[in-house]
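> From the sequence below, what's the structure:
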Amino acid sequence: MIRLTISVMLSLLSFSLAQTGHASITLTEVLANEPGRSVYLEWIEVYNNSNSNQDISGWSLIEDGDTNTIPDDAIVPAKGFAVLARHPISEDDSQMSFERYWGDSSGVWGDHPSENYPLIEVKMTLKNSSGKVVLAVSDDSLSGFTWFSDAGDRTSYEKQDINGGDILSNWAASSSPSGSTPGNPPGSVNPVIGDSFSFEVSPEVIFLEAQHSVELRYSVPEDTDLTIELYDINGVILRTINSEELDSSGLYELILRNDSGNLLTGGIYILYARAEGNVNQEIKRVLVVAGQ
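Presented below is the predicted three-dimensional model:
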């Protein structure tokens with residue numbers, strides 16, 4: 001009888017510890033509205049409030065009734081974040097991916113100081129206007145979030161107190177200048193500063209009847225100035241953006257007008273990003289504009 005009691009107590013203790021570990025994982029950020037015309041860029045951030053790494057392999061991500069299993073080797077670091085992404089990496093430079101948009105565009109995750117959190121591929125199809133996501137293990141729902149409106153283009157919903165409950169009042173559209181903070185606390189400013197220079201345009205093909213701007217994403221080393229110039233296909237310079245106009249978040253919205261304020265017409269344009277300082281390098285990107 002004593003042996004049975006001890007056995008039961010140990011089982012209960014083991015169950016209690018397991019539940020405590022499970023309960024330390026919570027959803028903290030959801031990006032349903034992808035940037036611009038990019039597709040397959042939905043992602044969900046989770047946070048581990050415990051003092052030890054947590055393995056969430058085999059757990060379920062449930063969205064509007066669809067259940068997707070989190071793959072093997074999905075580790076969320078102690079007191080840290082991880083991102084579950086629909087399209088983490090792209091081997092094709094012409095395709096946008098999480099790493100290309102929110103990372104350093106090298107095609108490899110973890111090779112840049114800003115890529116300091118796990119990136120895990122998980123199937124998902126989040127709707128912009130409304131939806132529900134639930135993180136579950138076995139039959140237990142651990143954390144969830146429901147949204148009833150679109151947060152805005154490239155804007156995420158963030159849990160304001162990452163250690164707080166899942167109540168709706170604890171969630172709000174991100175206040176970060178970049179629109180989201182994957183792998184970082186809510187509302188933070190995430191300057192993209194490292195030892196490399198990168199420059200991307202999103203989208204690379206734009207239709208003027210739908211929108212009149214593109215996003216420029218850049219990363220420059222410290223003590224390096226960045227100048228961005230817009231040219232037409234004949235080599236005529238139309239616009240110059242100096243370092244003083246660029247935000248430390250690594251994101252700039254380029255309105256498709258020339259320096260005179262006139263809206264661009266349809267055609268092919270060239271964007272040159274020139275870094276000068278610790279790194280002296282130039283990157284060229286082609287922008288295709290379909291006229292109205």
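
> just the helices in the protein please.
Per DSSP state H, the chain carries helices over the ranges 2-23, 98-102.

> Worst mean pLDDT among those helices?
Lowest mean pLDDT within those: helix 2-23, at a mean of 42.

> what's the domain layout of the chain?
Here the domain parsing of the chain from automatic domain parsing is 2-173, 198-290.

> Figure out which of the ones you listed is closest to Ser180.
Ser180 lies closest, by Cβ to Cβ, to one member of the domains of the chain: domain 2-173, at 3.8 Å. In short, each C-beta sits where N, CA and C put it, glycine included.

> thinking again about what came up before, export the domains of the chain to CSV and append columns for mean neighbour count and distance to Gly179.
Listed next are those as CSV, based on neighbours: other Cβ atoms under 10 Å; distance: least, Cβ to Cβ, whole Å:
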stretch, mean neighbour count, distance to Gly179
domain 2-173, 17, 4
domain 198-290, 15, 8
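
> Adding distance to Ser180 as columns, could you present the ones you listed in TSV?
Below are these laid out as TSV (distance: least, Cβ to Cβ, whole Å):
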stretch	distance to Ser180
domain 2-173	4
domain 198-290	10
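
> Output the below-cut-off pLDDT ranges for the stretch 101-250 of the chain.
Along the stretch 101-250 of the chain, the model assigns pLDDT under 70 to residues 139, 189-196.

> If we ignore the residues flanking it in sequence, what's nearest Ser198?
Counting by Cβ to Cβ, 6 or more residues apart in numbering, Ser198 lies nearest to Ser219, which is 4.5 Å off, once chain neighbours are set aside.

> isn't the one you found right up against Gly250?
Yes: counting by Cβ atoms under 8 Å, Gly250 is a contact partner of Ser219 at 5.8 Å.

> Wait, Thr67 touches Trp59, no?
No: look at Thr67 against Trp59 with Cβ under 8 Å: they stay out of range, at 10.5 Å.

> which residues does the residue lying closest to Pro182 once chain neighbours are set aside bridge with?
Of all residues not flanking Pro182 in the chain, Val83 sits nearest, at 5.1 Å (Cβ to Cβ, 6+ apart). Per DSSP bridges, the residues bridged to Val83 are Glu45, Leu119.

> Now do the same contact list for Val83.
Counting by Cβ atoms under 8 Å, 6 or more residues apart in numbering, Val83 touches 43-46, 98, 117-120, 182-183.

> Looking at those residues, which is nearest Val214?
Minimum distance to Val214 across the contacts of Val83 is 18.8 Å, recorded for Phe98 (Cβ to Cβ).

> distance of the nearest residue to that closest one once chain neighbours are set aside from Asn116?
In this structure, Phe98 finds its nearest non-sequential neighbour in Ala85, 4.3 Å apart by Cβ to Cβ, 6+ apart. Here the criterion is Cβ to Cβ, to the nearest Å. By it, Ala85 lies 15 Å from Asn116.

> what's the answer for Gly152, then?
Between Gly152 and Asn116 the computed distance is 27 Å (Cβ to Cβ).

> I'd guessed Tyr252 sits against Leu216; true?
Yes: judged on Cβ under 8 Å, Tyr252 makes contact with Leu216 at a distance of 4.5 Å.

> shared neighbours of those two, anything?
Jointly contacting Tyr252 and Leu216 under the rule Cβ under 8 Å, 6+ apart are Ile228.
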